[in-house]
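> The sequence and its predicted three-dimensional model are supplied below.
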Amino acid sequence: GHTLVIIDGPPCDCGRRGCLEAIAAEPAMVAQARSRGILGPDGGIDDLRLLAEDSEEAAAVFATAGAHLGRAVANLVNLLAPDAIVVAGEGVIAWPLLAEGFVPAFEAGILDVHSDTTVIVEPWADDAWAQGAAALVLGWVLGASPDTAGPSASSPAGDLLATDRDGLGQGGADHETVTA
């Protein structure tokens with residue numbers, strides 16, 4: 001989230017201004033909704049999601065955040081040329097609302113040469129953080145190089161824990177795929 005999206009934009013917790021996080025993260029969307037009178041002072045992200053079902057103004061907060069995210073991801077794709085991008089985390093609970101802005105901004109921002117890049121949206125599971133932490137610990141214990149987050153190729157666990165590059169994009173059975 002700490003990539004510049006709007007020059008001299010809203011202040012970010014990192015001390016800079018205009019970071020994606022300061023514009024598109026859940027606390028930023030809640031602050032925007034409160035400042036526009038869409039959400040009361042005690043309302044949170046769950047309240048905003050519920051309001052967005054019936055309020056175009058509330059839905060627009062998510063769509064705008066999604067558009068900023070879509071442009072940022074398109075820039076990453078144009079710069080790094082990955083085959084796939086995985087969107088994951090707690091925020092994907094609101095993906096249908098974010099996608100309204102994300103998809104058109106991503107498609108408009110991506111170069112034609114990268115039009116086959118797949119965006120995979122993995123559904124959120126409350127245990128995802130624990131699974132990630134456990135995978136890091138297991139990787140280190142089972143032979144990960146200290147300079148990497150995963151197992152070294154020479155470790156006995158290297159094959160077991162290595163990323164299945166051919167399976168990239170397969171994700172869980174209930175993931176959503178967006179193609180430019």
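Nice, I can see it.
> only C-alpha atoms for contact and neighbour calcs from this point on.
Will do.
> what's the span of stretch 36-50, first residue to last?
With CA to CA, to the nearest Å as the measure, stretch 36-50 spans 17 Å from end to end.
> Can you give me every residue that contacts the residue nearest the centre of the chain?
Nearest to the mean C-alpha position of the chain, by CA atoms, centre = their mean, lies Val87 at 4.1 Å. Applying CA atoms under 8 Å, 6 or more residues apart in numbering, we find Val87 in contact with 119-122.
> For the protein, give me the ranges with low pLDDT.
Within the chain, the segments meeting pLDDT under 70 span 129, 144-180.
> give me the number of residues near His128?
Quick fix: residue 128 is Ala, not His. By the other CA atoms under 10 Å criterion, the neighbourhood of Ala128 contains 14 residues.
> Contact partners for it?
Residues near Ala128 by CA under 8 Å, 6+ apart: none.
> repeat that for 10 Å
Residues near Ala128 by CA atoms under 10 Å, 6 or more residues apart in numbering: 88-90, 134.
> ditto for Gln32
Contacts for Gln32 were tallied using CA under 10 Å, 6+ apart; they are 23-24, 26, 38-39, 58, 61.
> Of the contacts of Ala128, which pair is most distant in space?
Glu90 and Ala134 (18.1 Å; CA to CA).
> For this protein, which segments count as strands?
Along the chain, the stretches classed as strands by DSSP state E are 84-87, 118-121, 176-179.
> Quick check, Pro41 in contact with Asp47.
No. The pair Pro41 / Asp47 is not scored as a contact, 11.2 Å apart, by CA atoms under 10 Å.
> List the residues that are in contact with both of the two.
Counting by CA under 10 Å, 6+ apart, the residues touching both Pro41 and Asp47 are Val30.
> Break down this protein into its helices, ranges please.
Using DSSP state H, the helices found in the chain span residues 20-24, 26-35, 45-52, 56-80, 95-109, 128-141, 158-161.
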